[in-house]
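Asker: Pasting a predicted model and its sequence here:
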Amino acid sequence: MAAMKKVLMTLRIPEHIQTRLSSECSITFPKTRYPMPRAELLELVAGHDALFCTSDDRIDKELLDQAGDQLKTVCTMSAGYNHIDVAEARSRNIALGHTPDVLTDSVAEINVALVLSCLRGVVSAANSVTNGDWEKQNMR
């Protein structure tokens with residue numbers, strides 16, 4: 001039987017996902033806090049097959065050197081990947097993953113909410129009610 005792959009997680013994940021992943025691979029979590037401090041990330045990354053990170057984690061030459069040749073996959077839980085040195089990772093044949101379009105719907109919804117808020121004077125109305133001087137005639 002092959003040894004379980006080792007995955008370094010720099011973020012907290014839901015318990016049910018952790019349980020499922022633990023049956024497939026050996027997971028290392030931060031010893032201190034979230035987000036994982038850079039020094040701890042550099043200390044723990046060696047010997048792992050995969051790194052699951054966030055945009056708070058800088059994945060650069062220094063980190064990849066520290067990780068060694070065993071690291072084959074870096075996945076970020078973010079739409080963007082400007083915190084990853086893509087050229088350096090590719091030069092080492094490290095597979096990269098990210099979550100494109102994960103925020104597309106949320107961004108659209110917030111934009112619609114902001115437009116409606118501006119058009120209907122929601123903030124002014126809420127402030128008026130909070131201050132106890134509700135002036136219905138001044139509301140749109």
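Answerer: Cool, the structure landed. Residues are numbered from 1 along each chain as shown.
Asker: Give me the contact list for stretch 67-84.
Answerer: 6, 11, 45-59, 64, 89, 92-103 (Cβ atoms under 8 Å, 6 or more residues apart in numbering). (C-beta placed from N, C-alpha, C; glycine too.)
Asker: Stretch 23-35 too?
Answerer: Applying Cβ under 8 Å, 6+ apart, the contact partners of stretch 23-35 are 4-12, 18, 21, 36-37, 40, 44, 48-50, 54, 56-57.
Asker: Would you indicate which residues of that stretch are buried?
Answerer: The neighbour-count check on stretch 23-35 (16 or more other Cβ atoms under 10 Å) flags 27, 30, 35 as buried.
Asker: same deal with stretch 33-49?
Answerer: Across stretch 33-49, burial judged by 16+ other Cβ under 10 Å covers 35, 36, 41, 44, 45, 48, 49.
Asker: that older thread, okay, and which of the buried residues of stretch 23-35 map to strands?
Answerer: If you go by DSSP state E, those have residue 27 in strands.
Asker: Would you format the buried residues of stretch 23-35 as a markdown table with pLDDT included?
Answerer: A markdown table is the format used below for the buried residues of stretch 23-35 (pLDDT from 0 to 100):
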| residue | pLDDT |
| --- | --- |
| 27 | 95 |
| 30 | 90 |
| 35 | 83 |
